[in-house]
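Peer 1: Take this sequence and fold it.
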Amino acid sequence: MSHKSTYATPFRRRKEQKTNYKKRLALLKSKQLRLVARKSNNNFIAEVVEYFKTGDKARVFVHSRELKAFGWSKHAGNIPAAYLTGYLCGKKAVKDNLESAILDMGLNTPVHGSRIFAGLKGAIDAGLKVKADEKVFPSEDRIKGSHISPEVEKNFQETLENINKKFGEKNG
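Peer 2: From the prediction side, this is the model:
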């Protein structure tokens, strides 16, 4: 007598701990654009993604390396760089008539004041509407980089002004 196996092989991305399908399904059911924020040791990525049955489509994509074109000369993986990357992503999204999104932080643990929330604050400050509680954002000193050095804070201000010049706004 033969028996069927009751073991179901988990999805490859689940085994690799890259995707939480329960969370992803909840985000997709909302039928809203997602502001995807991802961090690595040396960089930060922010993108606005739209879901399609054939696969997700990135409507706006910004990597922290793009900040060099705006004058950023410091490390691309810290809180000020994450804020600026989110800010640039938000500006590009607003320019493409994308008004609102929901945060998709993937498998990152939500730590108040982290780079993920710095990028989120940048996108919100740029004009993208994303629901968030003010308590989760880093302090203004950390966003500007004054906790690192005065040079980082100066470079932050210059880069922010250059981004605003490109998108035709005064620094606010």
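Peer 1: In contact with the residue nearest the centre of the chain, which residues are there?
Peer 2: Centroid check for the chain by Cα atoms, centre = their mean gives residue 37 as the closest residue, at 2.7 Å. By Cβ atoms under 8 Å, 6 or more residues apart in numbering, the contact set of residue 37 is 44, 45, 46, 82, 86, 103, 104, 105, 108, 116, 119, 120. All C-beta spots, glycine's among them, are computed from the backbone N, C-alpha and C.
Peer 1: again with residue 128
Peer 2: Counting by Cβ under 8 Å, 6+ apart, residue 128 touches 35, 48, 89, 90, 93, 94, 98, 99, 100, 101.
Peer 1: Of those residues, just the buried ones, ChimeraX syntax please.
Peer 2: Only the buried entries of the contacts of residue 128 go into this ChimeraX selection, using 16 or more other Cβ atoms under 10 Å:
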select :35,48,89,90,93,94,98,101
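Peer 1: tell me the SS of the residue nearest to the centre of the chain?
Peer 2: strand (DSSP: H, G, I helix; E, B strand; the rest coil).
Peer 1: Identify the bridge partners of it.
Peer 2: For residue 37, the beta-bridge partners under DSSP bridges are residue 46.
Peer 1: mind listing the helices for this protein?
Peer 2: Ranges of helices in the chain, per DSSP state H, are 12-15, 21-29, 79-95, 115-125, 140-144, 150-166.
Peer 1: and of the ones you listed, who's closest to residue 6?
Peer 2: helix 12-15 (18.1 Å; Cβ to Cβ).
Peer 1: next one: that closest one to chain centre, how far?
Peer 2: Averaging C-alpha positions (Cα atoms, centre = their mean, to the nearest Å) puts helix 12-15 23 Å from its chain's average.
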